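Participant: the sequence and its predicted three-dimensional model are supplied below.
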There are 2 protein chains.
Amino acid sequence: MAKIKERESFRSRLKAVGLRHTLPRERILAYLDRKSIHPTPEELYQGLKKKGYPIGLSTVYLNLQVLRDSGLLWEFKDQKGNTRYDGFGEKHHHLFCLQCGAIEDVLVRELPEFDPEPIRKAVEAKNGWFIEEARLELRGVCPNCQ
Amino acid sequence: MAKIKERESFRSRLKAVGLRHTLPRERILAYLDRKSIHPTPEELYQGLKKKGYPIGLSTVYLNLQVLRDSGLLWEFKDQKGNTRYDGFGEKHHHLFCLQCGAIEDVLVRELPEFDPEPIRKAVEAKNGWFIEEARLELRGVCPNCQ
DNA sequence: GGTTTCAACTGGACAAAATCCAGGTATACA
DNA sequence: TGTATACCTGGATTTTGTCCAGTTGAAACC
């Protein structure tokens, strides 16, 4: 059954970073693990409640922080300054619309032109850093606003 | 004189986006226009005061927002979730240390391996967006923390 | 399975960050 | 130099996020 397989996936993701599997964490990860979904903490809280999952707002904030610190979530600011979270499993970059604020995911596998490897190597050689992750932030105008 | 030339530069940058030139704006832009400088609003406020420039905290917040909306500043969140601003004029990307939180700028002209043009074109063709700016966010471990 | 241990959850109080407002000031342009 | 108005400011207010102390529930033993 897909539901069980999915649950196991969250369980192993949490285990991999040394965190316990709990219902709130699974639900947060499940809620965020979709393409182009980037809620604020408040929106996530409301969204989970609407799905019939009672959860405390403190729990939402707490876990967004914990999951971010473990690298399971990506935190960023939108055009209006709101804090948003992204937990979509597949590697991707972000498109921001400067007009309407829309945020769209662009899958890495659909962008063969962009290979982060040479950049990683160059930065490691020149700056002495070790690079774990490279993401692109693209700002422009979405189709609807053109 | 360098000071006057610099001032003219800020003046024209502001004019280009339809904003008035004011002392607070010039000082904020001047403060931020250095490599690897990314203060929080509070730090910027304190930094300006320390330089002997009296300024209101509301003014700092107000202008950070206005300048961000006009594209003169780049807003982002650091590893701890603090909002930070970047006004360094030369095109660059960001390095984030996952251990100590250090943030370093990497100049685009020192990264010949990374050319955003093909990406821009690909995204415009595939997703129908018009892309104005492409920035990389690199997360890893800085030399001091290795 | 039952028990134990401690991480994780929770609501509500609290603190910090950011915004709003109304009056005064400085800028741009004629 | 005068005038309209964008902009600045301190303080009040709202919003966002954190802390705390009691309770719950996950995992690891037997």
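Facilitator: Received it, and whenever you're ready, just let me know what you need.

Participant: buried ones in the helix ranked longest in chain A?
Facilitator: With DSSP state H applied, the helix covering the greatest number of residues in chain A is identified as helix A:2-16. Across helix A:2-16, burial judged by 16 or more other CB atoms under 10 Å in any protein chain shown covers A:F10, A:R13, A:L14. For the C-beta atoms, the positions are set from N, CA and C on the backbone; glycine is no exception.

Participant: filter the residues you listed by proximity to chain B?
Facilitator: Near chain B, judged by CB under 8 Å from any CB of the partner chain, there are no entries from these.

Participant: thinking again about what came up before, CA-only coordinates of the longest helix of chain A in CSV, if you can.
Facilitator: In CSV, the C-alpha atoms belonging to helix A:2-16 read as follows (Å, rounded to 0.1, in the frame of the first residue of the first chain):
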residue,chain,number,x,y,z
ALA,A,2,1.3,3.4,-1.0
LYS,A,3,0.4,5.0,2.3
ILE,A,4,2.6,2.6,4.3
LYS,A,5,5.5,2.9,1.9
GLU,A,6,5.3,6.7,2.2
ARG,A,7,5.3,6.5,5.9
GLU,A,8,8.4,4.3,5.9
SER,A,9,10.0,6.9,3.6
PHE,A,10,9.5,9.7,6.2
ARG,A,11,10.6,7.3,9.0
SER,A,12,13.9,6.6,7.3
ARG,A,13,14.4,10.2,6.4
LEU,A,14,14.0,11.2,10.0
LYS,A,15,16.2,8.3,11.2
ALA,A,16,18.9,9.3,8.8
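
Participant: other SSEs contacting the next helix or strand after that helix?
Facilitator: As assigned by DSSP states H and E, the chain's next helix or strand after helix A:2-16 is helix A:23-32. Judged by 3 or more CB pairs under 8 Å, 6 or more residues apart in numbering or on different chains; DSSP states H and E, helix A:23-32 is in contact with helix A:2-16, helix A:41-50, helix A:57-69.

Participant: now mean pLDDT too, for the ones you listed, in CSV please.
Facilitator: Listed next are the helices and strands packed on helix A:23-32 as CSV, based on pLDDT from 0 to 100:
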stretch, mean pLDDT
helix A:2-16, 82
helix A:41-50, 97
helix A:57-69, 97
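
Participant: got these as JSON lines, with distance to DNA strand C columns?
Facilitator: Written out in JSON lines, the entries for those read as follows (distance: least, CB to the nearest atom of the strand, whole Å):
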{"stretch": "helix A:2-16", "distance to DNA strand C": "8"}
{"stretch": "helix A:41-50", "distance to DNA strand C": "9"}
{"stretch": "helix A:57-69", "distance to DNA strand C": "3"}
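
Participant: tell me how many other residues crowd A:R20.
Facilitator: Neighbour count of A:R20, defined by other CB atoms under 10 Å in any protein chain shown: 8.

Participant: before we move on, what about the one 4 residues further on?
Facilitator: For A:P24, the neighbour count with other CB under 10 Å is 16.

Participant: for it, what are its contacts?
Facilitator: By CB atoms under 8 Å, 6 or more residues apart in numbering or on different chains, the residues touching A:P24 are A:I55, A:T59, A:V60, A:N63.

Participant: tell me if A:L95 really is in a helix.
Facilitator: No. The assignment for A:L95 by DSSP: H, G, I helix; E, B strand; the rest coil gives strand, which leaves it out of any helix.

Participant: what's it in contact with, if anything?
Facilitator: A:102-106, A:138-140, A:142, B:123, B:127, B:129, B:131.

Participant: what residues does chain A put near DNA strand D?
Facilitator: Within chain A, the positions near DNA strand D by CB under 7 Å from any atom of the strand are A:11, A:20-23, A:40-42, A:57-58, A:61-62, A:65, A:82-83.

Participant: farthest pair within those?
Facilitator: Of all pairs drawn from those, the greatest distance, 30.5 Å, lies between A:R11 and A:N82 (CB to CB).

Participant: quick one, what contacts A:D86?
Facilitator: With contact set as CB under 8 Å, 6+ apart, A:D86 has these partners: A:L32, A:I37, A:H38, A:L73, A:W74, A:E75, A:F76, A:H94, A:D105.

Participant: residue ranges of each domain in chain A, please.
Facilitator: Under the assignment named as automatic domain parsing, the residue ranges that make up the domains of chain A are A:1-89, A:90-146.

Participant: mind putting those domains into a markdown table with distance to B:D69?
Facilitator: Putting these into a markdown table (distance: least, CB to CB, whole Å) gives the following:
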| stretch | distance to B:D69 |
| --- | --- |
| domain A:1-89 | 8 |
| domain A:90-146 | 9 |
